[in-house]
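In: test case, fold it:
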Amino acid sequence: MSGLRREEKRRYAAILQEELIPAMGCTEPIAIAYAASVAGKVLGEEARRMELSCSGNIIKNVKAVAVPNAGGQKGIAVAGIPGLVGGNPEKQLEVISVCATRTRRSCAL
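Out: Numbers count the residues shown, from 1 in each chain. Sure thing, here's the model as predicted:
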């Protein structure tokens, strides 16, 4: 990018700043947590059960990486439960950054 003029650099930086969304950890488990959090908000009451359907690529990646704030655990349920129970959907891909230790314990994570 050294050949770019100052104005071009500024425009590229502005585009990146507008388009990029911070994510906490690998995006696949966080996407599940975010979807579960949005579902919980829409539901408006405590969920009694949750069913998650994911593509093969998401399943593969969720099984391979630890979910943030989950004590090193991996898996679809480990990603979805904290989002549903204690996630903040307004934080988007940082949805479970707000999950407290109390929330994790209540989920048996």
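
In: from Asn57, how far off is Ala77?
Out: 18 Å (CB to CB, to the nearest Å). No exception for glycine: its C-beta is placed from N, CA and C like everyone else's.

In: those two: who's more crowded?
Out: Ala77 (16 against 9; other CB atoms under 10 Å).

In: who's in contact with that one?
Out: Residues near Ala77 by CB atoms under 8 Å, 6 or more residues apart in numbering: Leu52.

In: any stretches of this structure with poor pLDDT?
Out: The chain contains residues with pLDDT under 70 at 1-2, 100-109.

In: show me the longest helix that occurs in it.
Out: Looking across the chain with DSSP state H, the single longest helix is helix 27-43.

In: is Gly40 in contact with Asn88, as I believe?
Out: No. Using CB atoms under 8 Å, Gly40 is not in contact with Asn88; the gap is 10.3 Å.

In: for these two, indicate the residue with more neighbours.
Out: A direct count of neighbours by other CB under 10 Å for Gly40 and Asn88 places Gly40 higher, at 20 against 16.

In: so who does the nearest residue to the more buried one once chain neighbours are set aside touch?
Out: Closest residue in space to Gly40, ignoring its immediate chain neighbours: Leu84 at 4.5 Å, by CB to CB, 6 or more residues apart in numbering. By CB under 8 Å, 6+ apart, the contact list for Leu84 reads Ala36, Ser37, Ala39, Gly40, Ala47, Met50.

In: ok, of those residues, which one's closest to Tyr12?
Out: Ser37 (32.1 Å; CB to CB).
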